[in-house]
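[1] Got a sequence here, can you build the structure:
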Amino acid sequence: GDVVAQLQKISAQQSRIRDMKNKLAAFGEVLGRQEGAFAELRSATRLPSAYRLLLSECMRRRAWQELYTAQATRLADHMARVRDKENARRAAFQQQVERYMPSELLHHAGLMQEAPHCSVSVSSPAAAPA
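    As a prediction, the model looks like this:
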């Protein structure tokens, strides 16, 4: 009878080991789900600082856009003054020469044209999708 009793004890131990393995696998699954939930909570705690960064970046970009637009406006004004000076020089030349040269010759030589326009523009920032 001793051998049978020992085999029964071994069998009982094997059953307990199997049950423990099943429980361990179940606990592992629960732990995995809880880790995911805690990761979400950790992300949620970072939301306020991320939102502050977002607001700060919006303000920085708006200020940059205003500065950039102001610089573009100054450049456009400067280029308009340069063009006006050139047009005055061309008009003075035309007045000096037109009575001595046929206008057709001046035309073909490209000397009757005004200075080209310089267009400076700043595109508006892309709007956020609705």
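[2] I'd like the average pLDDT over the longest helix that the chain contains.
    Looking across the chain with DSSP state H, the single longest helix is helix 2-97. Averaged over helix 2-97, pLDDT sits at 94.
[3] got it, and stretch 118-130?
    Computed over stretch 118-130, the average pLDDT equals 80.
[4] count of residues packed around Glu40?
    9 (other CB atoms under 10 Å). Quick note: C-beta positions are derived from backbone N, CA and C, even for glycine.
[5] Return the distance of it relative to Leu54.
    20 Å (CB to CB, to the nearest Å).
[6] can you give me the offset of the helix or strand that the longest helix of the chain is followed by from its chain's centre?
    Scanning forward in sequence from helix 2-97 by DSSP states H and E, the next helix or strand is helix 103-108. Offset of helix 103-108 from its chain centre (CA atoms, centre = their mean, to the nearest Å): 53 Å.
[7] now helix 103-108: mean pLDDT?
    Average pLDDT, helix 103-108: 93.
[8] List the buried residues for that helix?
    Using 16 or more other CB atoms under 10 Å as the test for burial, helix 103-108 gives Leu106.
[9] List of residues touching that helix?
    Here helix 103-108 makes contact (CB atoms under 8 Å, 6 or more residues apart in numbering) with 94, 97-98, 112.
[10] now those as CSV including neighbour count and distance to Ser15?
    Formatted as CSV, these follow (neighbours: other CB atoms under 10 Å; distance: CB to CB, whole Å):
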residue, neighbour count, distance to Ser15
Gln94, 14, 111
Val97, 13, 115
Glu98, 13, 116
Met112, 14, 107
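[11] Which two among those are spaced furthest apart?
    Farthest pair in those (CB to CB) is Val97 and Met112. Separation: 10.5 Å.
[12] that older thread, can you give me the offset of the longest helix of the chain from its chain's centre?
    11 Å.
[13] Same check on stretch 119-129?
    Mean-position distance between stretch 119-129 and its chain equals 14 Å (CA atoms, centre = their mean).
[14] Go ahead and produce PDB holding the CA coordinates of that stretch.
    What follows is stretch 119-129, C-alpha atoms only, in PDB (Å, rounded to 0.1, in the frame of the first residue of the first chain):
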ATOM      1  CA  SER A 119       5.400  90.800 -55.800                       C
ATOM      2  CA  VAL A 120       6.000  89.800 -52.200                       C
ATOM      3  CA  SER A 121       3.300  87.800 -50.500                       C
ATOM      4  CA  VAL A 122       2.900  85.600 -47.400                       C
ATOM      5  CA  SER A 123       0.500  82.700 -47.600                       C
ATOM      6  CA  SER A 124      -1.800  82.400 -44.700                       C
ATOM      7  CA  PRO A 125      -1.200  79.400 -42.500                       C
ATOM      8  CA  ALA A 126      -3.200  76.400 -43.400                       C
ATOM      9  CA  ALA A 127      -6.400  76.200 -41.500                       C
ATOM     10  CA  ALA A 128      -7.000  73.200 -39.300                       C
ATOM     11  CA  PRO A 129      -9.300  70.600 -40.800                       C
END
